[in-house]
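Asker: next one to model:
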Amino acid sequence: MKERDRGYIVVDAVYDALGEVEEYIDLVPVLEDLYFDADEFLSPIQELCIEYA
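Answerer: All right, here's what the predicted structure looks like:
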């Protein structure tokens, strides 16, 4: 993960066919489509930890 702001994150993704690509993910529309209050859901998050399995 390179950057995060509210529900918007920027990551480097590695694909077999493309190599490393910068990806942009906006979680707010996803949360709203699932009928979550995006502000309420995202506000308590202070840190992200990504584990690769």
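Asker: could you point out which residue ranges in this protein have low pLDDT?
Answerer: Along the chain, segments meeting pLDDT under 70 span 1, 50, 52-53.
Asker: what about the helices in it?
Answerer: Ranges of helices in the chain, per DSSP state H, are 27-33, 38-42.
Asker: which secondary structure elements does the longest one contact?
Answerer: Secondary structure elements in contact with helix 27-33, counted by 3 or more CB pairs under 8 Å, 6 or more residues apart in numbering; DSSP states H and E, are strand 8-15, helix 38-42. All C-beta atoms are positioned from the backbone trio N, CA, C, and that covers glycine.
Asker: still on that earlier bit, and the helices of the chain: which comes nearest Ile9?
Answerer: Of all those, helix 27-33 sits nearest to Ile9, with 7.2 Å by CB to CB.
Asker: any idea what the one residue sitting closest to the centre of the chain is bridged to?
Answerer: Nearest to the mean C-alpha position of the chain, by CA atoms, centre = their mean, lies Ile9 at 4.2 Å. Taking DSSP bridges as the rule, Ile9 bridges to Arg4, Ile25.
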